[in-house]
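Colleague: Test case, fold it:
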Amino acid sequence: MKHTFVLPYFRTFVLLFLAACGGADRTPGAADADAGDHPTLSGGPPGGTLVVLADREPDELNPLTFNSNPAHQITQLVFRSLARRDTTLSDYVPNLARSWELEADSTLLIRLRDDVRWHDGVPVTAEDLVFTIERQRDVRTASPRRNDVIAVVSAEALDSFTVRVRLRQPGPYTVNALLEVVAVPKHLLDTVPAERMRFAPFSRNPVGNGLFRFAGWRAGQQVTLQANPDAPEGRPALERLVLRFVPDMNAAMTELLSGQGDLLKIPPDQRERVEGTANVEVRNAPRVRPAWIAWNTSRAPVDDVRVRRAILMGIDRDRLAEGLFGGVGEPALSPIPSSLREHSPAVQPIPFDPAGAGRLLEEAGWVDRDGDGIRDRDGRPLRLEIDYISTDQTRADVLVAIQSMLRRIGVDIVPRAYESTTWVERLRGRQFVGSLWGWGWGPGVVGPNAEAIFHSRSIPPAGPNFAGYSNPRVDALIDSVLVTFDPERRQRFWTQIEQQLINDAVYAPLYMDPELFGVSSRVRAPRFHGIEWSENVPFWHIPTERRLPRDRTG
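Modeller: Now for the predicted structure:
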């Protein structure tokens, strides 16, 4: 099996990407006249500042160890993965890697571009990639992305820009997972012990090699990025990108609608308000992120599958999605999104069945003995705390809604709001009973994603199976899909995995995150081919005549 891409192909990809993004639909005028004099990835004139309004800060910015969505968005811009997904989200085109080739003896040859430099001027070499792979697979690093390199036996530099990676038995997702690897600079991190990696100063002041350079982090306020004028494939048109932290959604909406911000992920109940505004447009991104409650299987009473199943049976997910999100609401009936080809329409979801939920809870010994409306056992009420990030109003509203539903079957839900850093630490340390969050599935790496979340070998500190889910049957089935090339046989394994995940209800899916964004109308080509805005903004621009005083960078 061979995948070989060359740089002219990459340039073709950029042109195709721009066509898909509607880059040719620019308004004629001064901006277009400027564009020919200043070639950029978008074709628009260089300059302008995009202000992104975020509900929280990143936890850190080390690609090996970060564990938050804001960090993922920033590192996508500051660093380079070996390859990037194309507009189908399933296939890959070159990024840091010039080409890759999987040989018959389970050896992957990766040839890097020879024209990429770290933002401090040092060339990016094969030694950086080898160092990154070794640190990422080291369990002491506690990388949430360790599963991307778990198939690696060894990695060695053959010359300055060629790496040979020896693999265990390769499978259909092995190469794609490796192409997601984001190289870090060996010359800045090789003296940092693996277990201290996420605490290194680099995590707050990263030196990348991507289309944007890190320019500063003002704690509690914003992260600023500057366009990399030396990017070999061409610089972004945007001169600067500011990720401003505005935890209050009302305040963020005010900034967006008044023109102080340019991009905001909006809750569905604000869609009509945005659509009624002349200077802001609503854009949709693909939905591949189910929101679920992860139950900590080491904590009673959710270590009992009967309790977990009863809780889902007590939640009307259709009503939840419709009530909170209106016409854009979509219930999640499986941990694996229906939009993925690995999903099976044959699986049987847990139904909304309050009476059946009551019978399960009684079977587990939970009965309302004191008549207060809440079931109890051995003198303890059936009271479950669920963590969420305090700035996420949608999650807060969801918990209020299911709190009301579950009281009807005698279960008391207690929402617990935590600042994002504390929430992440509680998740990593498995200090929670239940935690509400979402997982954005990578369509080309569904196997490694499933391994990361659902396999017992990914239980912390080895990986992000924060619920501690452990089912030997699921482990064996995941191991099988990772090495099975025959698509029909692999799909049979996926159907069994999905049904078992549904039955065990450790990761209890509630709804698909609505991926709605409010984008300033001054931004050109604001289309989304991926679920993150950061996959798209290098190809956006702000026409000269639409710029504001805050766009000045000098």
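Colleague: switch to C-alpha atoms for all contacts and neighbour counts from now on
Modeller: Will do.
Colleague: low-confidence ranges in this structure?
Modeller: 1-39, 88-90, 525-526, 530-531, 553-554 (pLDDT under 70).
Colleague: can we see that at 80?
Modeller: Applying pLDDT under 80 to the chain flags residues 1-39, 42, 86-91, 104-105, 169, 286, 327, 442-444, 525-531, 552-554.
Colleague: Need the outlier residue of it, farthest from its centre.
Modeller: In the chain, the residue that sits farthest from the middle, by C-alpha atoms, centre = their mean, is residue 370; the gap is 44.7 Å.
Colleague: ok, longest helix in the protein?
Modeller: helix 487-504 (DSSP state H).
Colleague: Show me which positions of that helix end up buried.
Modeller: Neighbour-count burial for helix 487-504, counted by 16 or more other C-alpha atoms under 10 Å, picks out 490-491, 493-504.
Colleague: What of stretch 432-439?
Modeller: Buried, per 16+ other C-alpha under 10 Å, within stretch 432-439: 432, 433, 434, 435, 436, 437, 438, 439.
Colleague: In strands only, show me those.
Modeller: Counting by DSSP state E, the buried residues of stretch 432-439 place 434, 435, 436, 437, 438 in strands.
Colleague: Kindly reformat these as JSON lines containing distance to residue 518.
Modeller: Formatted as JSON lines, those follow (distance: C-alpha to C-alpha, whole Å):
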{"residue": "434", "distance to residue 518": "31"}
{"residue": "435", "distance to residue 518": "28"}
{"residue": "436", "distance to residue 518": "24"}
{"residue": "437", "distance to residue 518": "22"}
{"residue": "438", "distance to residue 518": "21"}
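Colleague: now the strands: where do they sit in the stretch 51-200 of the chain?
Modeller: Taking DSSP state E, counting those that start in this stretch to define them, one finds strands in the stretch 51-200 of the chain at 83-85, 92-94, 97-102, 107-112, 152-159, 162-167.
Colleague: And the third one, what does it pack against?
Modeller: Yep, that's strand 97-102 we're talking about. strand 2-3, strand 107-112 (3 or more C-alpha pairs under 8 Å, 6 or more residues apart in numbering; DSSP states H and E).
Colleague: so of those, which one's packed in deepest?
Modeller: Comparing those by mean neighbour count (mean count of other C-alpha atoms under 10 Å), strand 107-112 ranks first with a mean of 23.
Colleague: wait, is residue 400 part of a strand?
Modeller: No. According to DSSP: H, G, I helix; E, B strand; the rest coil, residue 400 belongs to no strand; its state is helix.
Colleague: Now for the nearest residue to it once chain neighbours are set aside: which residues touch it?
Modeller: The shortest distance from residue 400 to any residue other than its chain neighbours is 7.8 Å, reached at residue 415 (C-alpha to C-alpha, 6 or more residues apart in numbering). Contact analysis of residue 415 by C-alpha atoms under 8 Å, 6 or more residues apart in numbering lists 385, 386, 387, 388, 396, 399, 400.
Colleague: The helix or strand harbouring residue 415 pairs with which strands?
Modeller: Assigned by DSSP states H and E, residue 415 belongs to strand 412-418. With DSSP bridges as the test, strand 412-418 is paired with strand 383-389 (parallel).
Colleague: what's the angle from the strand it pairs with to strand 434-438?
Modeller: Going by axes from the mean of the first three to the mean of the last three C-alpha atoms, to 10 degrees, strand 383-389 is angled at 30 degrees with respect to strand 434-438.
Colleague: distance of the most centrally placed residue in the chain from residue 349?
Modeller: Central residue of the chain (C-alpha atoms, centre = their mean): residue 440, 4.5 Å from the mean position. Counting by C-alpha to C-alpha, to the nearest Å, the gap between residue 440 and residue 349 amounts to 20 Å.
Colleague: What residues of the strand holding residue 415 count as buried?
Modeller: 412, 413, 415, 416, 417.
Colleague: quick one: the first one and residue 432, what's the gap?
Modeller: Just to be clear, that refers to residue 412. In terms of C-alpha to C-alpha, residue 412 sits 16 Å off from residue 432.
Colleague: Next: the third one.
Modeller: For residue 415, the distance to residue 432 equals 11 Å [C-alpha to C-alpha].
Colleague: so what's in contact with these two at the same time?
Modeller: Counting by C-alpha under 8 Å, 6+ apart, the contacts common to residue 415 and residue 432 are 385, 386, 387.
Colleague: need these in TSV with neighbour count and distance to residue 92, can you?
Modeller: Formatted as TSV, those follow (neighbours: other C-alpha atoms under 10 Å; distance: C-alpha to C-alpha, whole Å):
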residue	neighbour count	distance to residue 92
385	14	41
386	19	38
387	26	36
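Colleague: mind listing the helices for the stretch 451-554 of the chain?
Modeller: 472-481, 487-504 (DSSP state H, counting those that start in this stretch).
Colleague: Quick one: the ones you listed as JSON lines, columns for distance to residue 50 too.
Modeller: Putting these into JSON lines (distance: least, C-alpha to C-alpha, whole Å) gives the following:
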{"stretch": "helix 472-481", "distance to residue 50": "41"}
{"stretch": "helix 487-504", "distance to residue 50": "40"}
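Colleague: just so I know, which of these lies nearest residue 306?
Modeller: helix 487-504 (8.9 Å; C-alpha to C-alpha).
Colleague: Can I get that closest one in CSV, CA atoms only?
Modeller: Backbone C-alpha positions of helix 487-504 (Å, rounded to 0.1, in the frame of the first residue of the first chain) are rendered in CSV as follows:
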residue,chain,number,x,y,z
PRO,A,487,-14.5,-3.5,5.0
GLU,A,488,-17.4,-5.9,5.4
ARG,A,489,-15.8,-7.9,8.2
ARG,A,490,-14.6,-4.7,9.9
GLN,A,491,-18.1,-3.3,9.8
ARG,A,492,-19.5,-6.4,11.5
PHE,A,493,-17.0,-5.8,14.3
TRP,A,494,-18.1,-2.1,14.5
THR,A,495,-21.7,-3.1,14.8
GLN,A,496,-20.9,-5.3,17.8
ILE,A,497,-18.8,-2.6,19.4
GLU,A,498,-21.5,0.0,19.0
GLN,A,499,-24.2,-2.2,20.4
GLN,A,500,-22.1,-3.2,23.4
LEU,A,501,-21.2,0.5,24.1
ILE,A,502,-24.9,1.3,24.0
ASN,A,503,-25.8,-1.6,26.3
ASP,A,504,-23.1,-0.8,28.9
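Colleague: That one versus helix 472-481: what angle between them?
Modeller: Using the same axes, to 10 degrees: helix 487-504 against helix 472-481 is 160 degrees.
Colleague: Which strands and helices lie in contact with helix 487-504?
Modeller: For helix 487-504, the helices and strands in contact under the criterion 3+ C-alpha pairs under 8 Å, 6+ apart are helix 305-313, helix 472-481.
Colleague: one more time with 10 Å
Modeller: When contacts are defined as 3 or more C-alpha pairs under 10 Å, 6 or more residues apart in numbering; DSSP states H and E, helix 487-504 packs onto helix 305-313, helix 446-454, helix 472-481, strand 507-512.
Colleague: And stretch 464-473, what's buried?
Modeller: With burial defined by 16+ other C-alpha under 10 Å, the residues of stretch 464-473 counted as buried are 464, 465, 466, 467, 468, 469, 470.
Colleague: Verify the stated contact: the first one with residue 67.
Modeller: Yes. In this structure, residue 464 is within contact of residue 67 by C-alpha atoms under 10 Å, at 9.2 Å.
Colleague: Which residues are in contact with each of the two?
Modeller: 143, 144, 145, 428 (C-alpha atoms under 10 Å, 6 or more residues apart in numbering).
Colleague: Out of those residues, which two sit at the greatest distance?
Modeller: Between any two of the shared contacts of residue 464 and residue 67 (C-alpha to C-alpha), the greatest distance is 13.5 Å, for 145 and 428.
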